[in-house]
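Next one to model:
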Amino acid sequence: MEHAVAEAEPPVAAASAQEAPVVPATTVASVPAVPASAPASASSSGPVPTATATAAATAPSVAAQKPVRPKAEARLYGARTLGQWIKLVVILAAGAVAAAGILVLAARGVTTLPGVPAFLDRYPGEYSLPETAEPGFPWWAQWSHFLNIFLIALIIRSGYQVRTQQKPPAFWTPKRGGKKISINLWLHQSLDILWLVNGLIFVVLLFASGHWMRILPTSWEVFPNALSALLQYITLDWPVENGWVNYNSLQQLMYFIVVFVAAPLAAITGVRMSEFWPKNTKTLNRAYPIELARAVHFPTMLFFVAFILVHVFLVFATGALRNLNHMFGGTDAVNWAGFWLFAAAIAVTAAGWYAARPIVLAPLARLFGKVSSR
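This next block holds a predicted model:
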């Protein structure tokens, strides 16, 4: 009798499983899970509820789950990621184009005001140089120009590294003892010395040859002519270029500022911040505090960067082959000789930029002091 009842139970269980209605998802979610510590007999004492079986079948296995890897942080270039830099450049470029368009329209409106056309006729943008002024560019001016390109590019690079790099790759100490400085600062100061020597030689030859009349104003007419040249540049009706004989007045003033104002400022402030400055002269340090030098030195570097960008743009925009022949070929002809010499100068500068790294700098720095990793 008990055997008959036992044999009848499976069909009843199977029938109830087949006829059980589909349980909604909300019902499945509300069914409590069976504790893991429950004995096996508890689950085998009666038929397993359909909702519980469905939940157990559909629940993912813990062992089958893959470990979640944390997202890799975006690489920073300075204070921003590459995408942020690209967005910033696009925004700045769009803003610059819009501002330039507004400036050109405003300048063209100024030229229509009463008296402005007569001013432009009276001051065309340049004045006549003294009769003793010689045209052209001597060989020493060409070499000094190339050295300026090479040195100022590496000076700007090393100066930026000194300003932004928190952990230098190596350090340098003078042979005779002294303060240990980063190898980037050693490079920056060494390049500064070479740049100053090149500048001093240029200035001496400038006055010895009479070439100084090209970049030093010799008439008060330089100022109204410079204003006229600036207005012509802004309206895109640029003044006539004849740099082989005479710069326009705006060029003359800018070259004068670069050679006789910005360069000395960079030198004076750089010396104050360097190890060459005497440390124990309290009166001198009080009269010329290092904070003042820092406040002037970095904006001076930004001025050089802006000048270089505008200068190179105008060289290419106002007759590239002729202008490049002036400073690299030493001729007023229009051919490709100056361009290829300019390309060679840029290649040498790029090689120097690439080589300015610890593996190359360390052997050079050891000639003048001790190099260490900390």
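
buried stuff in stretch 130-149?
In terms of neighbour count (16 or more other C-beta atoms under 10 Å), stretch 130-149 has its buried residues at 137, 140-142, 144-149. Every C-beta, even on glycine, is put in place using the N, C-alpha and C of the backbone.

Confirm that residue 204 sits in a helix.
Yes: with DSSP: H, G, I helix; E, B strand; the rest coil as the criterion, residue 204 is assigned to a helix.

ok, residue 365 to residue 337 distance?
As for residue 365, its distance to residue 337 is 38 Å (criterion: C-beta to C-beta, to the nearest Å).

In contact with residue 305, which residues?
Under the criterion of C-beta atoms under 8 Å, 6 or more residues apart in numbering, the neighbours of residue 305 are residue 156.

now do residue 303
In this structure, residue 303 makes contact with residue 262, judged by C-beta under 8 Å, 6+ apart.

cool, and residue 348?
Applying C-beta under 8 Å, 6+ apart to residue 348 gives the contacts residue 150.

Also residue 161?
By C-beta under 8 Å, 6+ apart, the contact set of residue 161 is 184, 188.

And for the one 10 residues further on?
By C-beta under 8 Å, 6+ apart, the contact set of residue 171 is 180-183, 371-374.

What's the mean pLDDT across the helix or strand harbouring residue 316?
Per DSSP states H and E: residue 316 is located in helix 290-317. For helix 290-317, mean pLDDT is 94.

thinking again about what came up before, compare residue 365 and residue 337 and say which one has the larger neighbour count.
Set side by side, residue 365 and residue 337 show unequal neighbour counts under other C-beta atoms under 10 Å, the larger going to residue 365 at 20 against 16.

re the thing from before, mind checking which of the contacts of residue 171 are in strands?
Judged by DSSP state E, strands contain the following of those: 181-182, 371-372.

Using CSV, please lay out those together with distance to residue 283.
Output for these, formatted as CSV (distance: C-beta to C-beta, whole Å):
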residue, distance to residue 283
181, 25
182, 30
371, 35
372, 35
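
For the stretch 1-150 of the chain, which segments count as helices?
Secondary structure of the stretch 1-150 of the chain (DSSP state H, counting those that start in this stretch): helices at 2-19, 25-30, 40-44, 50-58, 82-110, 116-122, 139-164.

pretty sure residue 145 is touching residue 330, no?
No: with contact defined as C-beta atoms under 8 Å, residue 145 does not count as touching residue 330 (10.8 Å).

can you dump the C-alpha coordinates of the host helix or strand of residue 324 into CSV?
With elements taken from DSSP H and E, the one containing residue 324 is helix 320-324. Provided in CSV are the C-alpha atoms of helix 320-324 (Å, rounded to 0.1, in the frame of the first residue of the first chain):
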residue,chain,number,x,y,z
ALA,A,320,58.7,83.9,-49.2
LEU,A,321,61.5,83.2,-51.7
ARG,A,322,62.8,86.7,-51.8
ASN,A,323,62.6,87.2,-48.0
LEU,A,324,64.4,83.9,-47.4
